[in-house]
Each structure stands twice: as C-alpha cells, then as structure tokens.
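>>> Output the structure for:
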Amino acid sequence: MASFNWNNLFIIIFSCYLTATPIFSDSNTIPNLLDLAKEPQVFDWMVDIRRKIHENPELGYEEFETSKLIRAKLDELGIPYKHPVAVTGVIGYIGTGLPPFVALRADMDALLMQESVEWEHKSKVAGKMHACGHDAHVSMLLGAAKILKYHEKDLQGTVVLVFQPAEEGGAGAKKIVDAGLLENVSAIFGLHIVPDMPLGEVASKSGPMSAGCGLFEATISGRGGHAALPQHSIDPILAASNVIVSLQHIVSREIDPLDSQVVTVGMFQGGGAFNVIPDSVTIGGTFRAFSSESFNQLKHRIEQVITGQAAVQRCNATVSFLEELKPLIPPTVNNGDLHDYFRSVAGSVIGINKVKGVEQMTGSEDFAFYQEALPGYFFLLGMEDVSVERLPGAHSPYYKVNEDALPYGAALHASLAAKYLVKLHHEVPVVEGKYYDEL
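Residues are numbered from 1 along each chain as shown. Purely as a prediction, here's the structure:
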C-alpha cells in the first residue's frame, strides 16, 4: 500500500465522473465545472503553481522560469504547445487541432517592486513581486487546461491556451498577435482578478471597458542665463508652465464632456539652482481615451499644443511618444455578441445574480491588442472575502491574492471555451490538418 498512487486514483475517479456522458456534445449538457475546479486535486494543484510563480517573479520578456514551469505542467497533462512565442510566451492546444478555434489568455509578468507581505511564499527576488495577480491568472488557465484535457475527445474544436509575457507596459499581446498564431481563432477571452469585488462575482460590460493609454515626453529648449537678468534669456520653465496649462485645456475646452479623456503631466525636470534660468526643461505624462478615434486625435493635439505653446514663448520643443519603450495601448473594447454570450455562460457557472456590470476604467489593459485582431472579451473576477480581510489594491507592495478565487477563474475559462466551441461547431468547416498547420 505504501506505493499506491493516490493521484492516479483521483484521475480515474475524476475522469469516470466526467466521462459518463460526452459533456461537451451540445450547449445544454455542459455541467457546472466550478465543483470540479474546487476538487482538492485541481485546487491544490493550482495553489501550488501559483505559489511557485509568486516566489520567483520575473519582469516582462524575462519570464523564462515561469515559462519553463508552464511547459512542465503542459507536458504533465499531455498538452502540446508552441514555444517560444514573443520571447517567453507559450501557446498550448487542447482538442481536435481543427476548427473552430477559441482562445483563453493569461499574462505572466511581475512588477518592479519590493514585496512587503510577510508569508511563507514571499518573493525570493529582491525588488520584484507579483503585485497584480498574474501568478493567479497563469494558475487558473492551467487549472482550466487540466479540466478540459480530461475531456479532450469531447471538445468540438480546439482550445488555444495563450500564456502571454509583458502585459505591464511591454505590449506582449501585440507580439503574440504579430506572431500570427491567432489568425484562425474565432474569439478570445481573458480575465483579471480584483481585490475590491466579492469573491466569486464577475463584472464586465459591452463596448469600451478600459482606456487606451500612451506616454509622451517633451523637451522645451530656450536660452539659459542669470535669473536677475531674464531679458537676456529665453525662459523654458515659463514656456513649460504654459504648455502644461494649455494641455489641460484640451480636455476641458475641446473634448465632448461625454467622451471621457485624460491628460496628465506627471514629470517636470529643469533647472538646478534658484538663481539660474536653465537652457531646457523636460516634461512627461500620460494620455487616455476610450475610442481609437479619440485616442489618436488626443495624441495629435498634445503634440500640436506643446510645439505651439513653446513657440509662443520663443522656445523650441521636441515631442516623443516613447513608442519603442512603451508601445501605445489601444482601448479595451468588448465585443457586443460576446457580452451576451459571457453573461449566459457566467450565469450558468456562478449564478446570474453574481454577474455584474462595471463602469469604464481609465486604467489600460493590453488585451486590447487581441480585440483589434479578433472578437475578444475581457472581464473582472472578484476575490474579496470581507469576513477574512480587506485586500490592498493592485500594484501595492502589500498586494495579496485570495486563492479561493482560483477555482472560479478555472471554471469560467473552461466553460467559456468549451461552450463556445459547441456554438461555433456548425459555423466553421472542418479541414483535415494538424495543430500547427491550422493556426
């Protein structure tokens, strides 16, 4: 008995329970996968993965160990994958390898900050931590993969697992799209856990959900001199001050009040002495909007205002949008048809009373790059249990993940993918081929 493998017994029982009927054969027979995701052999497996990733956080395009762990788990499950994609990304495949295709996405990268939470699985890497829940996102997608793999023969097409690098400002989603591996995918779903919404609830909306985001930096050049003799100088500080005020006039005087936009100057560098007018000043900031048209127009006006106002003060200005360093992120816009579909599936998994709406958010999410290429849907998953504690917000050194949220994410991922394949099965012609030939 000492050599008995309890994990194998679980797999046998788990598989027999699920394979009593072909659960993915039609849209009405897919069971509630939440109970399955809460089984100890799935839940504990996800928790272990999440904690290993949390202990070893990696920044964007540096997720080599995280990618290695993901590939090891996919190997363990017998799931084929393509690697590397977008430097460290992994694309896995479950199902027939034939159309239709539906994708699920999880981001992998951590943040450049020191963790202040003292617990057994605290970050082991100084100055880096998972402070936005990407470790949980990876774990939930792997949990969904584990459930779906048990019933691969019942899937009505192919589920594409997208493990994406560099969401935090690195536009990893764009690199995935540019790699061309999602060209035949009919839809993609993604989620983000949030600390200020009740555990097990979801929230989203049709249309614009998160703002597009860009950065700008401008150098305003004048002529330096002694502060007591300003007539002999051309003051770039005064010019920069006028620029900053005028940038705010774009939003307050030019923009439709119902079309929310933001321009913020967060950096001002210039001068090093109280009595010296410097030669130049550098300012920088961010801008945000909820439609591509508004976003592009705002970008255009920022450059016009900076150069024009600098010229009024006899200065020259150069403007950069730093796209090589931080690519512009488009607005996150949820597909209307997928919104109705999401509400239906999520309601069947967690109860329609736990499916909420959400207001537009001026934060950005690079899931938007997928939505520019194909129909996509992004939603929020709550993890707050006020009976235990109130959780700090994202990008805080005190950030925590309530691991009880993991089964909800895994079940929603699996249900959304499996049911969508059923929905599309008769809409996409089946073509003989292999995994990599089709995508």
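
>>> I figured residue 146 was touching residue 43, is that so?
No: using CB atoms under 8 Å, residue 146 is not in contact with residue 43, being 10.6 Å away. Backbone N, C-alpha and C define where each C-beta goes, glycine included.

>>> between those two, who's got more neighbours?
Neighbours were counted for residue 146 and for residue 43 using other CB atoms under 10 Å; residue 146 has more, 25 against 18.

>>> mind checking which helix or strand the more buried one is in?
Taking DSSP states H and E as the definition, residue 146 sits inside helix 134-150.

>>> Okay, strands next: where are they in the stretch 201-350 of the chain?
Counting by DSSP state E, counting those that start in this stretch, the stretch 201-350 of the chain has strands at residues 202-204, 207-210, 212-221, 225-226, 261-269, 276-277, 280-289, 316-320, 332-334.

>>> Reformat those strands into JSON lines and put mean neighbour count and distance to residue 354 next to each item.
JSON lines is the format used below for those (neighbours: other CB atoms under 10 Å; distance: least, CB to CB, whole Å):
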{"stretch": "strand 202-204", "mean neighbour count": "21", "distance to residue 354": "7"}
{"stretch": "strand 207-210", "mean neighbour count": "22", "distance to residue 354": "18"}
{"stretch": "strand 212-221", "mean neighbour count": "22", "distance to residue 354": "29"}
{"stretch": "strand 225-226", "mean neighbour count": "14", "distance to residue 354": "65"}
{"stretch": "strand 261-269", "mean neighbour count": "16", "distance to residue 354": "31"}
{"stretch": "strand 276-277", "mean neighbour count": "18", "distance to residue 354": "60"}
{"stretch": "strand 280-289", "mean neighbour count": "22", "distance to residue 354": "29"}
{"stretch": "strand 316-320", "mean neighbour count": "17", "distance to residue 354": "45"}
{"stretch": "strand 332-334", "mean neighbour count": "24", "distance to residue 354": "18"}
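
>>> quick one, which of these is nearest to residue 417?
Comparing the strands of the stretch 201-350 of the chain against residue 417 with CB to CB, the closest turns out to be strand 202-204 (15.6 Å).

>>> which residues touch that closest one?
For strand 202-204, the surrounding residues in contact (CB atoms under 8 Å, 6 or more residues apart in numbering) are 191, 194, 197, 334, 339, 342, 346, 350, 354-358, 377-382, 408, 412.

>>> Quick check: residue 399 touching residue 129?
Yes: assessed by CB under 8 Å, residue 399 is found in contact with residue 129 at 7.5 Å.

>>> more crowded one of those two?
Taking other CB under 10 Å, residue 399 and residue 129 do not tie; residue 129 has more neighbours (25 against 21).

>>> Can you list the residue ranges for helices in this structure?
6-18, 34-37, 40-55, 64-77, 134-150, 172-178, 236-249, 292-312, 336-350, 368-373, 406-424, 435-438 (DSSP state H).

>>> how about a markdown table for those helices, with mean pLDDT and distance to residue 117 added?
Formatted as a markdown table, the helices of the chain follow (pLDDT from 0 to 100; distance: least, CB to CB, whole Å):
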| stretch | mean pLDDT | distance to residue 117 |
| --- | --- | --- |
| helix 6-18 | 47 | 31 |
| helix 34-37 | 96 | 25 |
| helix 40-55 | 98 | 10 |
| helix 64-77 | 98 | 19 |
| helix 134-150 | 97 | 13 |
| helix 172-178 | 97 | 26 |
| helix 236-249 | 98 | 37 |
| helix 292-312 | 98 | 36 |
| helix 336-350 | 97 | 28 |
| helix 368-373 | 98 | 30 |
| helix 406-424 | 97 | 18 |
| helix 435-438 | 44 | 40 |
